[in-house]
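Participant: I would like to see how this sequence folds:
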Amino acid sequence: MRKKIFILLASLFLFSGCGLKRTVSMYETRQPYYGEIVVIPMGQQVPDGYKMIGTGSYGEKGLTKSKDCTLEAIINQARLDAKDKGASLISIMKIKEPNLLISTCYQVTISFFIKKDQ
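Facilitator: Coordinates of the predicted model:
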């Protein structure tokens, strides 16, 4: 009986615990944006004339494949989320590098912006 429970729990962990975890919170509902997404690196200011419409947190859900957890992969996912949510610019607010003791994945916080006249 214990063996069956262990196999069941291990299966649930392996199939549901993997992948990139992302949480996106939007302050405004917008139509999708089809243009190029501008990325503002961490530490640089967003240009005048933009309004923040949401935030996103990206990181590890558990046992994530390293190719899904690179900084480039996370920023690409943030670009897709920005387009879907109607943002034309993303600003990287925080980057936490992988740490073998805590996480094998980058942890990134993003803010989503639109031009004020859109």
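Participant: show me where the protein has strands.
Facilitator: Here the chain has its strands, by DSSP state E, at 20-26, 38-40, 50-60, 89-96, 107-115.
Participant: low pLDDT regions in this structure?
Facilitator: Residue ranges of the chain with pLDDT under 70: 1-19, 61-67, 118.
Participant: residue closest to the middle of it?
Facilitator: Nearest residue to the geometric centre of the chain (CA atoms, centre = their mean): residue 58, 3.1 Å.
Participant: once you drop chain neighbours, what's closest to residue 87?
Facilitator: Leaving aside its sequence neighbours, residue 87 sits nearest to residue 112 (CB to CB, 6 or more residues apart in numbering; 3.7 Å). Glycine gets a C-beta too; all of them are placed from N, C-alpha and C.
Participant: ignoring the adjacent residues along the chain, who's closest to residue 53?
Facilitator: With CB to CB, 6+ apart as the criterion, residue 53 has its nearest non-adjacent residue at 4.6 Å, and that residue is residue 28.
Participant: neighbours of that neighbour, just the number please.
Facilitator: 13 (other CB atoms under 10 Å).
Participant: got it, and residue 29?
Facilitator: Neighbours of residue 29 (other CB under 10 Å): 9.
Participant: identify the residues contacting it.
Facilitator: Taking CB atoms under 8 Å, 6 or more residues apart in numbering, we find residue 29 in contact with residue 86.
Participant: likewise residue 78?
Facilitator: For residue 78, the contact set (CB under 8 Å, 6+ apart) comprises 56, 58, 90, 108, 110.
Participant: what bridges to the fourth one?
Facilitator: In this entry, residue 108 is beta-bridged to residue 58, residue 95, by DSSP bridges.
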